[in-house]
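Q: I would like to see how this sequence folds:
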Amino acid sequence: MRKRDRSGTDAVAEAIPSLRAFALGLCLDLQEGDPLVEETLEVVLSGNESAPSGMGCKTWLLFLVRRTFYRRAKPGSTRSRTARSGSKVAGGTAGNGFSLASAQILAALGRLPLHHREVVVLAVMLGERYEDASMICACPMGTVKSRLNRARRRLGRELALFQQRP
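A: Numbers count the residues shown, from 1 in each chain. Okay, the predicted model is just below:
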């Protein structure tokens, strides 16, 4: 039993970088992403919930991060739908390790609707399978593919415009 608990703890620990990246992709703010992950991990460590059958540990944890994010978002708030103009990540402030190109990519990502942004982060940045992204986002796999296709086209247009500027 102890060995099984240890492997579960290891799986949670290994997933933390992905959880942080997903939370950052949702919040677009370094100050909000880590508390979101911490709140999610508190739920996991409390032992009150467990992964549904057929859902892997990492997929379940990403699902919980998303669920926690939406629970925190206030009804009617545009904060959860688009990047705020003062976002610390989307703004690409000097000295934070981001190049100008990285800042432009993050700003373009922040201008995506949230439902597009979350599938880009899951499928493109984290490399999650469409099936897993479908479970995490609680929508059909065809919807994930459609959202990802639209998001890629929009990001491509925006980044092409960035490269054309003098």
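Q: Tell me where the model's unsure across this protein.
A: Within the chain, the ranges that satisfy pLDDT under 70 run 1-7, 74-101, 162-166.
Q: Show me which helix runs longest in it.
A: Using DSSP state H, we find that the single longest helix of the chain is helix 2-27.
Q: Show me what that one is packed up against.
A: helix 30-46, helix 57-72, helix 114-119 (3 or more C-beta pairs under 8 Å, 6 or more residues apart in numbering; DSSP states H and E). All C-beta spots, glycine's among them, are computed from the backbone N, C-alpha and C.
Q: Show me which positions of it end up buried.
A: Of all the residues in helix 2-27, those buried under the rule 16 or more other C-beta atoms under 10 Å are 12, 15, 18, 19, 20, 21, 22, 23, 24, 25, 26, 27.
Q: do stretch 102-109 as well
A: 103, 104, 105, 106, 107, 108, 109.
Q: Centroid-nearest residue for the chain?
A: For the chain, residue 22 is the residue whose C-alpha lies nearest the centre (C-alpha atoms, centre = their mean; 2.5 Å).
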